[in-house]
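K.L.:
next come a sequence and a model predicted from it.
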Amino acid sequence: MRSTEEFSGDRTTGHSVPRPDRRRLLALVGGAAATVLAGCGAADDTPDYEEGESVDADGEERTAEETTAAAALAETELNDGLSPLDDLDIADHGFVVEEDFRRATVQGTVENARQGRLTDVEVWVRIYDDGDALLGRYADSIGDLDPGERWAFTVIVLESLVEIERYELAVVGRSE
């Protein structure tokens, strides 16, 4: 049985509440410290997004058939199992309005400057409006990229041209 000194009253309910003893306090502080330290040692898998150009694009909107075709090819699921890698570089990029069903695209080139082969390489693009609200996230991917090889990517964007103000992009992958 505990003594009354180990309890204090809860003013709102009138119930007795156990006072934290030294062991509980040390366990709480130790657990919190371990959690904080564990987070400090973890690798940062968040890619650094590179700013794209401002988009001032004109063009006709997609027809219903073109929208269906673009939606079938646009990659909207990003592979969260991929990470930023040193020496996987975006050589160039730009916003391009195509005259076909794709319309709004971000195109460029990625280079594998690593010594080893890469698998599951993706370019991730985030699209924003003029109020800096995120409109959508899109990707393009390739299975393998050998050392020194360059890959020309095309990310299909489903947003309307009149809504798009800017984009940013990052490249991620997995090494063998």
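P.N.:
Yep, it's here.

K.L.:
who does the host helix or strand of residue 152 pair up with?
P.N.:
Per DSSP states H and E: residue 152 is located in strand 150-156. In its sheet, strand 150-156 lies beside strand 104-112 (antiparallel), with partners assigned from DSSP bridges.

K.L.:
how distant is the partner strand from the center of its chain?
P.N.:
Offset of strand 104-112 from its chain centre (Cα atoms, centre = their mean, to the nearest Å): 17 Å.

K.L.:
okay, buried residues for that strand please.
P.N.:
104, 105, 106, 107, 108, 110, 111, 112 (16 or more other Cβ atoms under 10 Å). (Glycine included, C-beta is placed from N, CA and C.)

K.L.:
just the C-alphas of it, formatted as PDB.
P.N.:
Presented in PDB, the C-alpha positions along strand 104-112 are these (Å, rounded to 0.1, in the frame of the first residue of the first chain):
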ATOM      1  CA  ALA A 104       2.200  20.000 -69.600                       C
ATOM      2  CA  THR A 105       5.500  18.200 -69.000                       C
ATOM      3  CA  VAL A 106       8.800  18.700 -67.200                       C
ATOM      4  CA  GLN A 107      11.700  17.300 -69.300                       C
ATOM      5  CA  GLY A 108      15.400  17.000 -68.700                       C
ATOM      6  CA  THR A 109      18.400  14.700 -68.300                       C
ATOM      7  CA  VAL A 110      19.700  12.700 -65.400                       C
ATOM      8  CA  GLU A 111      23.200  11.400 -65.300                       C
ATOM      9  CA  ASN A 112      24.700   8.500 -63.300                       C
END
